[in-house]
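Peer 1: Below is the sequence, then the predicted model.
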Amino acid sequence: MLHRCSFIVPCSLWVFLFLITCRMKKPVLLQRQECFAVILHCANMGRSKDMSVFSTSAAALFWKPRAHHGVHKLTRLRVVDNTQLGRNAELAGKPAKCIHIYNKKGIGQIGDRILVTIMGQKKKAYIVGVKAPLKPLIPRMDSNNIVLIEENGSPTGTRIRVPIPSMLRGKNGDFTKILACATKFI
């Protein structure tokens with residue numbers, strides 16, 4: 001069965017796209033971007049008669065990486081304490097971005113310490129909520145939330161505006177000052 005696409009493709013390329021999808025051993029519905037990718041790939045490969053080269057390289061075009069569950073570099077973050085720096089960044093439409101995670105994995109979870117850039121400044125912060133689904137009984141937030149801290153580990157703000165997970169009480173680290181600033185727990 002020939003797969004449909006939303007734009008006009010020459011007949012020889014339709015046959016080629018059909019052969020590629022048949023060689024992949026599972027039906028694939030080609031979207032507009034994928035058709036463009038295959039066409040560009042075909043143009044780069046030249047006029048080779050070896051279909052095994054085309055089928056393996058075309059399969060690589062449809063591969064999708066698995067999602068990272070947590071905060072990684074260049075993730076946009078929401079400052080949830082009452083610091084003036086966090087408010088100014090939110091009003092200017094320039095959210096904080098993660099530039100380093102202080103753990104071995106490189107993916108931040110709730111309770112991890114990270115380095116962020118906010119309004120042209122580097123600050124350290126703790127992650128107090130993530131958007132990605134986590135383990136059972138760990139709440140999922142609407143955004144990736146952080147609390148800014150000073151170099152000595154004390155929070156910069158005096159209040160936290162959103163509920164934070166109660167599982168931070170059992171974590172290793174200096175969360176006592178952050179928990180004292182929070183008014184609601186989940």
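Peer 2: Alright, I've got the coordinates. Numbering: from 1, shown residues only.

Peer 1: Can you list the buried residues in the strand or helix carrying I99?
Peer 2: According to DSSP states H and E, I99 maps onto strand 96-101. For strand 96-101, a neighbour-count test (16 or more other Cβ atoms under 10 Å) marks A96, C98, I101 as buried. C-beta: built from backbone N, CA, C; applies to glycine.

Peer 1: Pull out the CA atoms of it and give them to me as PDB.
Peer 2: Below are the C-alpha coordinates for strand 96-101, written out as PDB (Å, rounded to 0.1, in the frame of the first residue of the first chain):
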ATOM      1  CA  ALA A  96      16.000  30.900  34.100                       C
ATOM      2  CA  LYS A  97      17.900  28.200  32.200                       C
ATOM      3  CA  CYS A  98      19.900  25.300  33.600                       C
ATOM      4  CA  ILE A  99      23.600  25.300  32.700                       C
ATOM      5  CA  HIS A 100      24.900  22.600  35.000                       C
ATOM      6  CA  ILE A 101      23.600  19.800  37.200                       C
END
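
Peer 1: for it, what is the average pLDDT?
Peer 2: The pLDDT scores in strand 96-101 average 95.

Peer 1: and it, which strands flank it?
Peer 2: Each strand paired with strand 96-101, and its direction, by DSSP bridges: strand 76-79 (antiparallel), strand 113-118 (antiparallel).

Peer 1: Now tabulate those in JSON lines and tack on distance to D174.
Peer 2: Shown next, in JSON lines, are the strands paired with strand 96-101 (distance: least, Cβ to Cβ, whole Å):
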{"stretch": "strand 76-79", "distance to D174": "19"}
{"stretch": "strand 113-118", "distance to D174": "10"}
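
Peer 1: Is it possible to get CSV of those that adds mean pLDDT and distance to E90?
Peer 2: Below are the strands paired with strand 96-101 laid out as CSV (pLDDT from 0 to 100; distance: least, Cβ to Cβ, whole Å):
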stretch, mean pLDDT, distance to E90
strand 76-79, 95, 7
strand 113-118, 95, 10
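
Peer 1: For the biggest strand by length in the chain, give me every contacting residue.
Peer 2: For the chain, the strand with the greatest residue count under DSSP state E is strand 121-129. For strand 121-129, contacts defined as Cβ atoms under 8 Å, 6 or more residues apart in numbering pick out 71, 77, 79-80, 85, 96, 99, 108-117, 139, 141, 143-151, 156, 160, 162, 164-165, 168, 173, 175, 178.
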